[in-house]
Every structure is written in structure tokens, then in C-alpha cells.
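K.L.:
could you look at this predicted model? Sequence included:
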Amino acid sequence: MAKRVFLIVLDSFGIGAAPDAAAFGDEGTNTLGAIAAHKNFDTPNMAKLGLMNIDGVTAGAPVAEPCGAYARLQEQSQGKDTTIGHWEVAGVVSNHPLPTFPEGFPPELIEKYEKATGHKVLCNKPYSGTQVLKDYGEQALRENALIVYTSADSVFQVAAHEDMVPVAKLYEYCDIAREMLQGPWGVGRVIARPFLGSCADDFYRTTNRHDISLPPPRATMLDLLKAAGRDVIAVGKIFDIFDGKGVTEKIKTTGNTNGIAFTKALQTRDFEGLAFVNLVDFDMLYGHRRDVAGYAAAATEFDAFLGEFLPGMREDDVLMITADHGCDPSFTKTTDHTRECVPLLVYGPKLKQGVNLGTQVCFGTIAKTICDYLGVQADSLDGKSLLQEIEK
């Protein structure tokens, strides 16, 4: 029977401050701790897999006999953003942080961008993605302007009203930005942020977001699997994060519920290789907006999916659940990502149960284990395989 791995990234699902959190200004952060105390949080299936048994987890109670293997993963890369986190999950550690622009982008870059697009640029500051529409959306409509903003992450975000700048044209403008943003300006992602509405009171971001990432600096797990003839199915923003490299099939989603539905459908399909899923709402809708109740409810929704998914796994299937960074919704110092350790839950009918894998330094542990399981040579990747510790 074909071997299939379902790797699901709960975007920003941290489990407590990393040892180097102080260097990032994130002491005391704990995404899981923040949501586990909320009445909306009900995750018996993740608990059964071993979530509360992970080293250092203080939320909830450990179960007596976990059915999965479990570990705490510590990021090795010098960053806490989506791009770097996913690259490390795929076996590539980033020793240098991607550039950020806490004072906004250089005037010469903005001037060049305005000339290339033919639109005036508004804002050019770090900003909340929802607040920026309230503060600049009406002016953008009046002046047919683009709203450019950033965050603590390495991103260049471009917001435009879909009635003024059609989505396809906004994507074109983001391609222009991506070409400009190289070298010292080489942000991790250029993000198209289309919006609709008539005024500041009702502007809202649509689901037509599109990320254009820097390509990974070298071959990742995705490239190695594809070269070996395995399927690499990218669900959600995985295709964008890896600039399409190593992907054999792309599935676009509109959020967690949609991504969960596609993952259910993939479980019924025949393929051999990896289904790599990102559930973005944890981060985008709840973490950054510091919405503890919404984050807790999203965890509960995902857990209910697990209750259906686990019994339907085939004999040679493996499920891995992890995250790419934290985004503690109770942390009010900033609205940005938080430097946290992340969980790794591993389950499969042919894998050992109740194995505490301890703390593993490097998210690339995931990539090495997946390649090992699928029989693909991966000496070039960072991390170490845990397969020998979890195979029966």
C-alpha cells in the first residue's frame, strides 16, 4: 500500500516561550496556555495524541496513555515569521533573519514602486491589517491609491479595493514589488490584500489574498520528494510560501474550515507522498487580532475534524501536527508573532504509541522524519530523523 504523510501546520500554535524568547521580546508568551483556559477550548483528540504530555506544557492535564508520539520543537532559525518557520519545517534553517522595516520602506523604493505601478502609495508603516483599512481605505478610494504597509515580520503588504484595482491587476503589482524587493530589500513575502466595502466602517479584507515568497535558498523536503517521484500536495498557502518549488499539486483554500474539508477529501484519494496543509486562521484571524475566544474555538473545530480523520487513516498513513511559530492571543505588548516552541504530534497505525520524544532543536526534524519514512535520501536537510524511535 502507498505510504502517505499528512503534515498539518496549525499556523502560530505555539506551546510556550522558547529558551531565546527574551531576545525577541517575547518572554512569558504561551499561545496554548492562553487558549486552553477559555470555555471555547475542547480538544480531547489532540490531548489523546499527547499534546498535554509534551515537555514544558502546563495547560490541561496529561493523559495516562497517549496514542501518539509527541515532542517539543525549538526553532533554530533566526526569525519567527511564517516563511522562515515553514522553510525550517521543510529542512532548511535560516541563519540570518529576513529584513524588516520598522520605520517603513525606504523612500527611494516607494518612489520607484509608484512609478512602476502608476499609483500613489499611502501609509508605508508597520500597521494592523484591519486598522490600516479604517485609517487609509477611504483615501485610497478617493485617490485610486495603493496602501503599502508592513509588520514586525518580513513582509511588504499591498492593499487595494477590488472595485478600483481588480484582483488580477493587484497580483501584477505584487509581482512588480517582488522583483524590486531583492538583496537588502528582500523581504520574505509580498502579500496582496484585496478589500471591499464602501467606507471605513465596513471595509473588509476578501479571501483573495495572495502571498509571493522568496524562493527557499536551497532544496527543501518538497524538492527532494518531488525529484524522487513522490506526490507533494500543497493545501492552503504552502504553495505561496515555497514559491511553488517542489509542489506537484496546489489546492487553494479560503480558511480553516475550507482547508479541513480539503484534507478530509484528500484522505479518500490515492496518492503516494506528502499532503502539506496550512490552516491559516489561527494566525491571521485570531492570533494577530488577539482573539482568545476565536483561537480557542478554532482549536476545537480542528479537534472535531481529528475525531473523524483518525479512524479513517489507512495502514501506511502517518499524521503529523505542528506549527511554524507562536502568536499568543493574550500577549498585548504587540500584535505580532511570538517566539515559542511548537508541538509535534505523530500518529500512524504502524507507529509506536505514547513515545515522548522530548525537546528537539530544529523544526527540520519533521522533514528528515518524513523523508526517512517515504524512503527518500535527505542528507542535505537540517534536523534529524525520529523514525527509528517511533516505528514499531
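P.N.:
In hand now; what should we look at? Only a predicted model underlies this, so the values are computations on that prediction, with no experimental measurement involved.

K.L.:
assumed Leu306 was part of a helix.
P.N.:
Yes. Using DSSP: H, G, I helix; E, B strand; the rest coil, the assignment for Leu306 is a helix.

K.L.:
and it, how many neighbours does it have?
P.N.:
21 (other C-beta atoms under 10 Å). Where C-beta positions appear, they are placed from N, C-alpha and C, glycine not excepted.

K.L.:
wait, isn't it in contact with Met46?
P.N.:
Yes. Contact between Leu306 and Met46 holds when scored by C-beta atoms under 8 Å: they sit 6.7 Å apart.

K.L.:
check which residues of stretch 234-252 are buried.
P.N.:
By neighbour count, with 16 or more other C-beta atoms under 10 Å as the criterion, the buried positions of stretch 234-252 are 234-243, 245-248, 251-252.

K.L.:
and which of the residues you listed is nearest to Leu279?
P.N.:
For the buried residues of stretch 234-252, the minimum distance to Leu279 (C-beta to C-beta) is 6.7 Å, reached by Gly236.

K.L.:
burial check on the closest residue to the closest one other than its chain neighbours, number of neighbours?
P.N.:
Using C-beta to C-beta, 6 or more residues apart in numbering and skipping residues adjacent in sequence, the residue nearest Gly236 is Asn278, 3.8 Å away. Applying the criterion other C-beta under 10 Å, we find 25 residues in the vicinity of Asn278.

K.L.:
look up how far Pro349 lies from the residue lying closest to Thr268 once chain neighbours are set aside.
P.N.:
Sequence neighbours aside, Gly312 is the residue nearest to Thr268 in space, at 8.0 Å (criterion: C-beta to C-beta, 6+ apart). Using C-beta to C-beta, to the nearest Å, one obtains 11 Å as the distance from Gly312 to Pro349.

K.L.:
one more: Tyr70?
P.N.:
Between Tyr70 and Pro349 the computed distance is 17 Å (C-beta to C-beta).

K.L.:
out of the two, which sits in the more crowded spot?
P.N.:
The residue with more neighbours, out of Tyr70 and Pro349 and counting by other C-beta under 10 Å, is Tyr70; that gives 26 against 12.

K.L.:
which SSE is that one in?
P.N.:
Using DSSP states H and E, Tyr70 maps to strand 69-74.

K.L.:
which strands or helices does that strand pack on?
P.N.:
strand 342-347, strand 356-361, helix 365-374 (3 or more C-beta pairs under 8 Å, 6 or more residues apart in numbering; DSSP states H and E).

K.L.:
can you check which of those gets nearest to Tyr204?
P.N.:
Put simply, out of the helices and strands packed on strand 69-74 the one that sits nearest Tyr204 is strand 342-347, at 30.0 Å, with distance taken as C-beta to C-beta.

K.L.:
picking that back up, return the member of the buried residues of stretch 234-252 nearest to Ala90.
P.N.:
Relative to Ala90, the closest of the buried residues of stretch 234-252 is Phe242; by C-beta to C-beta it sits at 7.2 Å.

K.L.:
helix/strand/coil for the closest residue in space to that closest one that isn't next to it in sequence?
P.N.:
By the measure of C-beta to C-beta, 6+ apart, the closest residue to Phe242 outside its immediate chain neighbours is Leu222, 5.8 Å from it. Secondary structure state of Leu222, per three-state DSSP, is helix.

K.L.:
likewise for the one 4 residues further on?
P.N.:
Here Lys226 is recorded as helix under three-state DSSP.

K.L.:
so it sits right up against Ala234, yeah?
P.N.:
No. Judged on C-beta under 8 Å, Lys226 makes no contact with Ala234 at a distance of 10.9 Å.

K.L.:
quickly list what's touching both of the two.
P.N.:
With C-beta atoms under 8 Å, 6 or more residues apart in numbering applied, the overlap between the contact sets of Lys226 and Ala234 consists of Val247.

K.L.:
from Met313, how far off is the residue sitting furthest away from the middle of the chain?
P.N.:
Among the residues of the chain, the one whose C-alpha is farthest from the average of all C-alpha positions is Arg142, by C-alpha atoms, centre = their mean at 34.6 Å. According to C-beta to C-beta, Arg142 and Met313 sit 55 Å apart.

K.L.:
gap between the helix or strand bottoming out on mean pLDDT in the chain and the chain center?
P.N.:
When each helix and strand of the chain is scored by mean pLDDT, DSSP states H and E, strand 210-213 comes last, with a mean of 92. Computed by C-alpha atoms, centre = their mean, to the nearest Å, the separation of strand 210-213 from the middle of its chain amounts to 12 Å.

K.L.:
equivalent analysis for stretch 180-193, please.
P.N.:
For stretch 180-193 - counting by C-alpha atoms, centre = their mean - the centre lies 17 Å from the chain centre.

K.L.:
equivalent analysis for stretch 257-277, please.
P.N.:
A distance of 17 Å separates the C-alpha centroid of stretch 257-277 from that of its chain, computed with C-alpha atoms, centre = their mean.

K.L.:
stretch 207-220 too?
P.N.:
Between the mean C-alpha point of stretch 207-220 and the mean C-alpha point of its chain there is a distance of 11 Å (C-alpha atoms, centre = their mean).

K.L.:
okay, how far is it across it, tip to tip?
P.N.:
Here the two ends of stretch 207-220 are set 28 Å apart, with distance taken as C-alpha to C-alpha, to the nearest Å.
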